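# Just a sequence and a predicted model for now, questions to come.
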Amino acid sequence: MKKVLMMAMGLCFILSASPALAGAPEGEALFKGAAKCKNCHNTTDKKKVGPGLSKVLDRAGAEWVKSFLADPQAVWTADEGYTKTLKESVNSVGKPKPKHKTHKLTDEEIENLLDFLRTLT
């Protein structure tokens, strides 16, 4: 009985965790490929051209990251919340935002990238 209960609990954990990161593989492919994120960002906390993305959702919050991915220039120009911290951390206070060299991301691509970012420790 104990083994059955443990197996059921494990299965529930797997099933409940999987949908939350379902888009992570697609997000990783975007990060490394078409979205060209890896050209300027590391998946660690080490800065490249832009900041390292390890734990970025903890620092900035998912909604900020989602808004930034949808329209980076608008979020940069608004200069609110985490944007101020970001500008200070990359020494860009008072400077224009570098252009992102990617296509406009769809809502699905943004969600997949968020799922991938959730996997970074």
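Right, received. Where do you want to start? Model, not experiment: these values are computed from the prediction.

# what's the closest non-adjacent residue to residue 82?
residue 60 (4.3 Å; Cβ to Cβ, 6 or more residues apart in numbering). All C-beta spots, glycine's among them, are computed from the backbone N, C-alpha and C.

# how much space between that neighbour and residue 81?
8 Å (Cβ to Cβ, to the nearest Å).

# and if you look at residue 43?
The gap separating residue 43 from residue 81 is 23 Å, by Cβ to Cβ.

# Could you check which of these two has the larger neighbour count?
Neighbours were counted for residue 43 and for residue 81 using other Cβ atoms under 10 Å; residue 43 has more, 20 against 14.

# element containing the more buried one?
According to DSSP states H and E, residue 43 maps onto no helix or strand at all.

# Do I have it right that it meets residue 51?
No. Counting by Cβ atoms under 8 Å, residue 43 stays clear of residue 51, with 11.4 Å between them.

# residues in contact with the residue nearest to residue 82?
By Cβ atoms under 8 Å, 6 or more residues apart in numbering, residue 60 lies in contact with 68, 82, 85-86.

# Repeat the analysis, applying 10 Å as the threshold.
51, 53, 66-68, 81-83, 85-86, 117 (Cβ atoms under 10 Å, 6 or more residues apart in numbering).

# Return the residues in contact with the spatially closest residue to residue 38 that is not a sequence neighbour.
The shortest distance from residue 38 to any non-neighbouring residue, by Cβ to Cβ, 6+ apart, is to residue 32 (5.2 Å). For residue 32, the contact set (Cβ under 10 Å, 6+ apart) comprises 38-39, 43, 116.

# and what of residue 102?
Counting by Cβ under 10 Å, 6+ apart, residue 102 has contacts 30, 34-37, 39, 69, 72, 109.

# I'd say residue 65 and residue 110 touch.
Yes. If you go by Cβ atoms under 10 Å, residue 65 and residue 110 touch, sitting 8.6 Å apart.

# sorry, back to before: the contacts of residue 60 into CSV, with extra columns for pLDDT and secondary structure?
Below are the contacts of residue 60 laid out as CSV (pLDDT from 0 to 100; DSSP: H, G, I helix; E, B strand; the rest coil):
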residue, pLDDT, secondary structure
51, 91, coil
53, 96, coil
66, 97, helix
67, 95, helix
68, 94, helix
81, 92, coil
82, 95, helix
83, 94, helix
85, 92, helix
86, 91, helix
117, 97, helix
